[in-house]
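# could you look at this predicted model? Sequence included:
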Amino acid sequence: MKVTGFTFLRNAIVNDYPAKEAILSVLPLCDDFIVALGNSTDGTSEMVKQIAPEKIRTIDTVWDDSIREGGRVFADETNKALAEISADTDWMIYIQGDEAIHEEYLPLIKKEMEQELNNPNVEALLLKYKHFYASYDYLAESRRWYRREVRIIKNLPGVHSYRDAQGFRINDRKLKVKLIDAYVYHYGWVKPPKGLQGKVRNFNQFYQTEEWIEANYPVQDTFDMHNADRLVHFKGSHPKVMQTRIAAANWKFEKDLTKETPKMNFRRKLLQKIEDLTGLRLFEYRNYKIVK
């Protein structure tokens with residue numbers, strides 16, 4: 001069984017993304033790894049090339065900054081990396097530059113890949129998500145945040161990144177997936193107050209016009225909880241590859257941020273209550289079909 005990892009990156013250092021840690025978190029599962037390196041203005045390219053040159057191959061790409069439509073440039077860049085994966089690869093592991101997988105899940109993931117390798121009814125593995133927000137001590141948990149996404153895909157003809165690279169499809173149809181009990185740790189919203197606001201502004205430049213960004217997210221010095229919705233305390237452990245970064249850069253807040261998030265309207269509050277009690281997320285968007 002051959003496994004290839006892949007991702008895309010641009011200006012990971014200036015945007016303070018844990019891109020090195022993201023790659024290292026899945027590298028033990030991979031025989032090789034493809035990185036599409038966009039036209040960065042920082043040292044992202046040099047950083048990636050020093051991680052594990054015996055496994056990692058990079059390709060240079062140029063982002064089309066004129067694309068402001070639904071984050072499509074992310075899918076375009078993902079597809080450039082995907083296109084470099086050799087035909088003899090069985091499974092492909094996709095990790096974005098602000099994600100990591102805890103080492104405790106790696107044996108399970110390997111077991112699932114081996115078990116489902118020759119099962120034609122399973123085309124991908126669906127992983128669960130933990131979304132960290134503001135600091136490494138808080139999780140965002142609400143309907144605003146996606147619960148699951150496809151990150152491990154069989155190397156089948158027609159597979160491509162979909163919309164803003166959150167998921168994948170095969171010839172424009174939804175993938176048949178198996179939900180497994182493994183989590184992706186999403187760190188993209190872990191920023192100090194000004195940095196978090198910068199994340200929101202930088203993120204929206206691939207979806208909206210400059211005028212929309214200035215009107216909706218003007219530069220401020222205050223801490224913006226607009227995207228949080230609901231925060232809870234994180235009580236588990238972080239992946240080992242993240243320990244050095246967290247020890248060097250975690251910050252504390254004077255207030256308990258679980259009490260600072262905006263209030264939900266009645267409909268959102270009701271739907272959230274149903275989910276909390278039953279585990280069912282009504283009207284959930286699913287870019288996949290769970291078959292197992």
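Good, I have the coordinates.
# contacts, neighbours, all on C-alpha from now
Fine.
# I figured Tyr183 was touching Ile101, is that so?
Yes. With contact defined as Cα atoms under 8 Å, Tyr183 reaches Ile101; the gap is 6.5 Å.
# of these two, who's got more company?
Comparing Tyr183 with Ile101 by other Cα atoms under 10 Å, the one with more neighbours is Ile101, at 26 against 19.
# find the nearest non-adjacent residue to that one, please.
What sits nearest to Ile101 in space, not counting adjacent residues and going by Cα to Cα, 6 or more residues apart in numbering, is Val184, at 4.9 Å.
# regarding the protein, what is its longest strand?
Criterion DSSP state E: the longest strand present in the chain is strand 173-189.
# what sits up against it?
With Cα atoms under 8 Å, 6 or more residues apart in numbering as the test, strand 173-189 has contacts from 17-18, 98-102, 105, 108-109, 112, 121-134, 136, 150, 168-169, 196, 199, 287-292.
# how about 7 Å then?
The contact list for strand 173-189, computed with Cα atoms under 7 Å, 6 or more residues apart in numbering, reads 17, 98-101, 105, 121-134, 169, 196, 287-292.
# same question for stretch 36-48.
Outside stretch 36-48, the residues touching it (Cα under 7 Å, 6+ apart) are 7-14, 20, 58-63, 77, 80-81.
# give me that answer again for 8 Å
Contacts of stretch 36-48 (Cα under 8 Å, 6+ apart): 6-14, 20, 58-63, 77-78, 80-81.
# what are the buried residues along stretch 272-292?
Neighbour counts using 16 or more other Cα atoms under 10 Å place 272, 281, 287-290 of stretch 272-292 among the buried residues.
# one step back: strands paired with the longest strand of the chain, and their directions?
According to DSSP bridges, strand 173-189 has the following sheet partners: strand 99-101 (antiparallel), strand 124-133 (parallel), strand 167-170 (antiparallel), strand 288-290 (parallel).
# CA atoms of the helix or strand encompassing His160 as PDB?
Using DSSP states H and E, His160 maps to strand 159-162. Provided in PDB are the C-alpha atoms of strand 159-162 (Å, rounded to 0.1, in the frame of the first residue of the first chain):
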ATOM      1  CA  VAL A 159     -10.900  13.000  -7.900                       C
ATOM      2  CA  HIS A 160     -10.600  16.800  -7.500                       C
ATOM      3  CA  SER A 161     -10.700  19.500  -4.900                       C
ATOM      4  CA  TYR A 162     -14.100  21.000  -4.600                       C
END
